[in-house]
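S.K.: 3D model of this:
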Amino acid sequence: MKRYRGSDSGIAAYACGPGWIVIRFHRGGTYRYDDRHPGAEHVLEMQRLAEAGEGLNTYVNQHVRDDYAARMA
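M.R.: This is a model prediction of the structure:
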């Protein structure tokens, strides 16, 4: 996983590939988002924000919240 560069973010790290992104939060919990949940458009935007290093936590909170494909161990 890559360390997320966003300042004052609830996100610690992320990994992504075609059609998916996995996000690890500072307060615990690692979640997978994919083309099914929350959908391809959201995943693409989350990938873009992750690579840019800003806005990902806000986007998750405002647009996808609990619409994840899986909670990872």
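
S.K.: All the strands of the chain, residue numbers only.
M.R.: With strands called from DSSP state E, the chain shows them at 2-3, 11-17, 20-25, 30-34, 70-72.

S.K.: center of the protein - which residue?
M.R.: Against the mean C-alpha coordinate of the chain, by C-alpha atoms, centre = their mean, the closest residue is residue 23 at 4.2 Å.

S.K.: about what we covered before: looking at the strands of the chain, which is closest to residue 55?
M.R.: strand 11-17 (10.3 Å; C-beta to C-beta). To be clear about C-beta, it is placed using only N, CA and C from the backbone, and glycine gets the same treatment.

S.K.: quick one, the closest one and strand 30-34 angle?
M.R.: 40 degrees (axes from the mean of the first three to the mean of the last three C-alpha atoms, to 10 degrees).

S.K.: now the angle between strand 20-25 and strand 11-17, please.
M.R.: Using the same axes, to 10 degrees: strand 11-17 against strand 20-25 is 170 degrees.

S.K.: Please name the spatially closest residue to the residue nearest to the centre of the chain (chain neighbours excluded).
M.R.: residue 14 (5.0 Å; C-beta to C-beta, 6 or more residues apart in numbering).

S.K.: Can you give me the neighbour number for the one you found?
M.R.: 22 (other C-beta atoms under 10 Å).

S.K.: what sits against it?
M.R.: 1-2, 4, 21-24, 50, 56 (C-beta atoms under 8 Å, 6 or more residues apart in numbering).

S.K.: Among those residues, pick out the one closest to residue 70, please.
M.R.: Proximity of those to residue 70 (C-beta to C-beta) peaks at residue 22, which lies at 9.0 Å.

S.K.: For that closest one, give its distance to residue 53.
M.R.: 17 Å (C-beta to C-beta, to the nearest Å).
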